[in-house]
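Novice: Mind folding the following:
(3 chains)
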Amino acid sequence: MTTTRSRSKQSTDGPVPPKPARRPRGWGRATPYLLIVPAVLLELLIHIVPMLVGIWMSFVQLTQFFIANWSQAPYAGLGNYRVALNFSGPLGQSLLHSFEITAAYTVIVVGLAWVFGMSAALVLQRSFRGRGILRTLFLVPYALPIYAGIMTWSFMYQRDNGLLNHVLHDDLHLTDGTTFWLVGNNAFIAMTVAALWRSWPFAFLMLMAGMQNISEEVYDAASVDGAGIWKQIRFITLPSLRPVNGVLVLMLFLWTFNDFNTPFVLFGQTPPPSADLVSIHIYDNSFVNWNFGFGSAMSVLLLLFLLVCTGVYLLLLNRRSRRA
Amino acid sequence: MKLRLIPAALTVLAVSATAACGSGGSSSSGSGSASSGSGSASASAAAGRGSGATLTYWASNQAATIQDDQKVLGTEMAKFKKQTGINVNVQVIGWPDLLNKILGATTSGQGPDVLNIGNTWAASLQATGAFMPFDAAALQAIGGKDKFVQTAFKTGGAPGKDPTSVPLYGLVYGLYYNKKMFADAGLKPPTTWEQLQTDAKKLTDPSKGTYGMAMEGGSYTESVHFAFIFGQQHGADPFNAQGKPQFTTPGMVAGVKQYVDLMSNKVVNPSSVQYKNGPEAPGDFAKGKAAMLMSQNNADNTLQADGMKSDAYGVVPIPAMTGNKDIASFVAGINISIFKNTKNKAAALKLVKFMTSPAEQAILDKPFTALPVVKNGTVNYTTNKAEAAAFADILATKAVPLPLIPAESAYETNVGNAVNQLLAQAATGNKVSDSDIKAALQAAQDKMASAG
Amino acid sequence: MREPLSFRIFRTVVVVVLGLFVAIPLYVMLSSSVKPLGEVQGAFTWWPKHPTLQPFIDIWSTVPLARYFMNSLIVCVSATVLSVIVAIFAGYAISRYRFFGRRVFTGAVLSTQMFPGILFLLPLFLIFVNIDKFLGFTLLYQTRVGLIITYLTFSLPFSIWMLAGYFDGIPRDLDEAARVDGTTAIGALLRVVLPAARPGVIAVAVYSFMTSWGELLFAAQMTNSSTKTLSIGLQNYSTQINVYWNQVMAASLVVSVPIVIAFLLLQRYLVAGLTAGAVK
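Specialist: Numbering: from 1, shown residues only, chains lettered A, B, ... in the order given. The predicted structure follows:
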């Protein structure tokens, strides 16, 4: 199918980093394009075009009066954005509140997920009895379908028949056993803990994989030099994991900030204000209130925010790694 | 090295985003073809001649399970086919899906021929323009508007416009009470709200886990319904004549307070603020954990499924405070609509006529625990004569429609959720003052205003 | 090497705290699934007083669980297989060829990871509906096909990225050698590179399958009663006449077991795949 003839082998090509070196001639030039065509088409259909449509929607008044005839929806200019960003107005205020909640949620979940994942990975890096079982156990929350895990938490948080109130009241005698966990301000704690339970194993998995890349010899050399465990962790393990951390924190950040599942399973379509994450806030405003133009404007703002955060993050990361 | 790809990604994204901004205006004209589809559909609708056609009918879930609905309607549709030669493909759709499905059909212009809707959505859905208006000719074709109970017929759409739905099953709220618990306490069913409050207090005993009133405190629809009913008792309308929200009038605030006070006065199990699926409050009532329940008449289904016999409870109208208007419910229920894009308008009208005929109403009301929406129908789903009489009376004399405006669904979500938050505040032991209520309602009103 | 006391204390704390944190909810799921309804409605108990397997029988009749299961299985298996195939081709192209637009392609694909799902939920819905309208029959909207295409794309960015990384780690000499023997590029990919990349491919498959098995937002909007998947179907247990917590837990367990077992069996590949691909 291709007429490409291989050029002289580049014997210097190490496994990493690869230099995509082939410069095919004639029909062979088409090969890479043919290879990516399916991916490009799918990305266009599912991600790119819908995103562009979403951006278009944010500039029109797509309310219930126009959904049957949405191509005729009147142009709203920046109207939807103005409403969303008017933080003294009620809708802007609630969006800002939702952003703040989401930011707090993200910082706590990502931070603790990393700490938990790192601790577990450090402990399990060394062999001891029960290591295999623990490793398996720790991965289970990540393997469970999200809704199955969160539903279990939802059951544990029930006021009358849940585990949490039972433990706090009957076993530990700390409360009167009538605390609401899914209502009011406690809802935030409840949601955060459930999300943490679900996300930290991913950090654990990634960090564990990262640690396997560190060669034994480095550790051996260090221990010959008399470095103890803590020194080795500090001077070998942690620095070697820097690239993994870069990717891991970014992924956790994006997933957590966009989290829809946790509040949706715990609270349904309308979570209490203390747990009103931005994804579900937008969902609520579009699908429950039927104001898709406004919903889209808020989604675009969310995207821009994530874009800026990611950009700044990568900038800082690159600068730091260059200095290091 | 992988990370270096991401800045490239960001650039791409930023570029495509700005490109999209530029093309924003043009894509709206470019997709004009979407509307031409509906044009051809309505052209062929005229060609439809009824018999021999196949209709798609989206029915709502009225019986205990979807399978039960399917069975009941299957039998009736066979009868319909015998009479008219029209095939009907019935799809029973659960409540959580129904509005979404309708939304999808509305957006795409591809939907069923005939469908059920919750009647409180009537005006909101009418505003989308996706449903066929019942003009004089269409009403004639289904047997004339005079065959319907007038309070129910009024829910078909905004006043002054041709309705886009006609009533199918009637529902109203009533106050269910546990006969034995009332008798044991030496009480009679209350006729004023003040009595209801003292009775509820007497019947509450948290140490035994029994409370005076059951409540679906996490359900925003229940909350907005009671905010409306009690507001009406205080003479307050949520919208003025121009359709603008006026949620903070003293009557509205008093109405919400009347409902929230049940929780503040601790005659409701605080846990019920987590109830939002529908069956929990009737469940508490059926199990004797609550002595009273304010619910629509189809609660009978749930109560009996939970093992409560129909002679164990009685029903009276929800009472008003002394001196207030005697309004006990709004006109709830299910309406039936024809999708504008149907290719079988004549057949669809025949189906609507069939479903709303007195004979079918008498048959369908039974399994679906509904009140008849046609005149001279009798309540036949229960053998409890007093209950039947009470509900018939409430529908005929003590019920008003919810606001028939396009913003109705937004009103339900905004006010309903505001009231839910107030209930949560009360349940967690915090006092709810009038100014708290007013502030919550003000916020709901501001949201509606700036969203409009 | 001898471990200092401080490290042993650290280990004990980590093992106990995280072990309990992870295990308690799993235990609750397990123990509640064998309680009769009355017991899960009353105050919580650590031990089931009257253990019963009835919930595991009832779950199949309370909601059409078998249908949801089939839907999920069809959708997720198809999405996974297709996603892996598409990702292999694209990842191979990125790893082995330098072509115009390579960076743009990679960047664009990766950046879609950043998209909030909520942004393109409604547009996708409009696009599906209009494609169907154009075709004259329902191909995409609220169908399994629509869901398969959506899910397979969701896992693409991470899969392509991970596989490209994995392929980079496979010496180019291998496929060059095959090419010298007269094999085509595709032939070299299939016969030489792919076998060597097996852990990476398995890792990607596990990842895609899990992504689609747990997806909720699009499943809520893009399915109907006959195409509903488990993630949405499971919520139906709470809209019944009772909230059947025992059945909810039993059903959660039933839908989790296959995927957890598969995951645990394949996890060493996932770790190996991540090690060689993503985390380098």
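
Novice: use CA for all of it now, contacts and neighbours both
Specialist: Fine.

Novice: From chain C, how far off is A:N285?
Specialist: 11 Å (Cα to the nearest Cα, to the nearest Å).

Novice: So, low pLDDT: which residues of the chain?
Specialist: Because you didn't say which chain, this covers chain A. A:1-28, A:288, A:321-324 (pLDDT under 70).

Novice: nope, chain C
Specialist: Looking along chain C with the criterion set at pLDDT under 70, you get C:1, C:238-242, C:275-280.

Novice: Same question for the stretch 351-452 of chain B.
Specialist: Scanning the stretch 351-452 of chain B for pLDDT under 70 picks out the ranges B:450-452.

Novice: Can you verify my assumption that C:W213 contacts C:C76?
Specialist: Yes: look at C:W213 against C:C76 with Cα atoms under 8 Å: they come within range, at 6.1 Å.

Novice: Can you give the domain ranges for chain B?
Specialist: According to automatic domain parsing, chain B comprises the domains B:49-171+B:331-400, B:173-330+B:407-451.

Novice: Quick one: those as a markdown table, columns for distance to C:W245 and mean neighbour count too.
Specialist: Shown next, in a markdown table, are the domains of chain B (distance: least, Cα to Cα, whole Å; neighbours: other Cα atoms under 10 Å in any protein chain shown):
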| stretch | distance to C:W245 | mean neighbour count |
| --- | --- | --- |
| domain B:49-171+B:331-400 | 19 | 20 |
| domain B:173-330+B:407-451 | 13 | 21 |
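
Novice: Dump these into a markdown table; add distance to C:F7 as well.
Specialist: Compiled in a markdown table, these are given as follows (distance: least, Cα to Cα, whole Å):
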| stretch | distance to C:F7 |
| --- | --- |
| domain B:49-171+B:331-400 | 53 |
| domain B:173-330+B:407-451 | 44 |
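
Novice: between these, which gets nearest to chain A?
Specialist: Taking Cα to the nearest Cα, domain B:49-171+B:331-400 is the member of the domains of chain B nearest to chain A, at 4.6 Å.

Novice: quick one: what helix or strand has residue 301 in it?
Specialist: Chain wasn't specified; assuming chain A. Per DSSP states H and E, A:L301 falls inside helix A:292-323.

Novice: ah, I was thinking of chain B
Specialist: According to DSSP H and E, B:N301 maps onto helix B:299-305.

Novice: for chain B, what helix or strand is lowest in average pLDDT?
Specialist: helix B:33-47 (a mean of 36; mean pLDDT, DSSP states H and E).

Novice: re earlier: now the domains of chain B in TSV, with distance to chain C?
Specialist: Listed next are the domains of chain B as TSV, based on distance: least, Cα to the nearest Cα, whole Å:
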stretch	distance to chain C
domain B:49-171+B:331-400	6
domain B:173-330+B:407-451	5
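
Novice: Any regions of the stretch 51-200 of chain B where pLDDT drops low?
Specialist: B:51-52, B:96.

Novice: what's the closest non-adjacent residue to C:L139?
Specialist: Excluding its sequence neighbours, the residue lying closest to C:L139 (Cα to Cα, 6 or more residues apart in numbering or on different chains) is C:D132, at 5.8 Å.

Novice: residue ranges of the strands in the stretch 301-450 of chain B, please?
Specialist: Taking DSSP state E, counting those that start in this stretch, the strands of the stretch 301-450 of chain B run over residues B:313-316, B:329-330, B:332-338, B:399-400.

Novice: Minimum distance to C:P116: which of the ones you listed has it?
Specialist: strand B:332-338 (36.0 Å; Cα to Cα).

Novice: Using PDB, write out the CA atom coordinates for that closest one.
Specialist: What follows is strand B:332-338, C-alpha atoms only, in PDB (Å, rounded to 0.1, in the frame of the first residue of the first chain):
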ATOM      1  CA  ALA B 332     -53.200  19.300  39.000                       C
ATOM      2  CA  GLY B 333     -53.300  16.500  36.500                       C
ATOM      3  CA  ILE B 334     -52.300  15.200  33.200                       C
ATOM      4  CA  ASN B 335     -53.200  16.800  29.900                       C
ATOM      5  CA  ILE B 336     -53.000  15.400  26.400                       C
ATOM      6  CA  SER B 337     -51.500  17.200  23.400                       C
ATOM      7  CA  ILE B 338     -51.000  16.700  19.700                       C
END
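
Novice: gap between C:I148 and chain B?
Specialist: Separation of C:I148 from chain B (Cα to the nearest Cα): 19 Å.

Novice: give the contact list for that residue.
Specialist: Shown in contact with C:I148 (Cα atoms under 8 Å, 6 or more residues apart in numbering or on different chains): C:75-76, C:78-79.

Novice: will you turn those residues into JSON lines that also has neighbour count, distance to B:D300 and secondary structure?
Specialist: Shown next, in JSON lines, are these (neighbours: other Cα atoms under 10 Å in any protein chain shown; distance: Cα to Cα, whole Å; DSSP: H, G, I helix; E, B strand; the rest coil):
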{"residue": "C:V75", "neighbour count": "26", "distance to B:D300": "39", "secondary structure": "helix"}
{"residue": "C:C76", "neighbour count": "25", "distance to B:D300": "41", "secondary structure": "helix"}
{"residue": "C:S78", "neighbour count": "20", "distance to B:D300": "45", "secondary structure": "helix"}
{"residue": "C:A79", "neighbour count": "27", "distance to B:D300": "45", "secondary structure": "helix"}
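
Novice: if I look at the nearest residue in space to A:N285 that is not next to it in sequence, how far off is C:Q142?
Specialist: Spatially, and ignoring its direct neighbours in sequence, A:N285 is nearest to A:G295 (5.8 Å; Cα to Cα, 6+ apart). Applying Cα to Cα, to the nearest Å, the value for A:G295 to C:Q142 is 22 Å.

Novice: Give me the more crowded residue out of those two.
Specialist: A:G295 (29 against 25; other Cα atoms under 10 Å in any protein chain shown).

Novice: near chain A, which residues of the stretch 151-280 of chain C show up?
Specialist: Neighbours of chain A within the stretch 151-280 of chain C, by Cα under 8 Å from any Cα of the partner chain: C:153, C:156, C:168-173, C:176, C:179-180, C:184-185, C:210, C:213-217, C:231, C:245, C:248-249, C:252-253, C:255-256, C:259-260, C:263-264, C:271-272, C:274-275, C:279-280.

Novice: can you tell me how far the closest residue to chain B within chain C sits from C:I160?
Specialist: Nearest residue of chain C to chain B, counting by Cα to the nearest Cα: C:G107, 3.5 Å away. Distance, C:G107 to C:I160, using Cα to Cα: 11 Å.

Novice: likewise A:S296?
Specialist: Counting by Cα to Cα, the gap from A:S296 to C:I160 is 28 Å.

Novice: what about those two, which has more around it?
Specialist: Here A:S296 and C:I160 are compared on neighbour count by other Cα under 10 Å; more neighbours surround A:S296, at 33 against 28.

Novice: re earlier: centre of the chain to the helix or strand harbouring the residue nearest to C:L139, how far?
Specialist: According to DSSP H and E, C:D132 maps onto helix C:117-135. Averaging C-alpha positions (Cα atoms, centre = their mean, to the nearest Å) puts helix C:117-135 23 Å from its chain's average.
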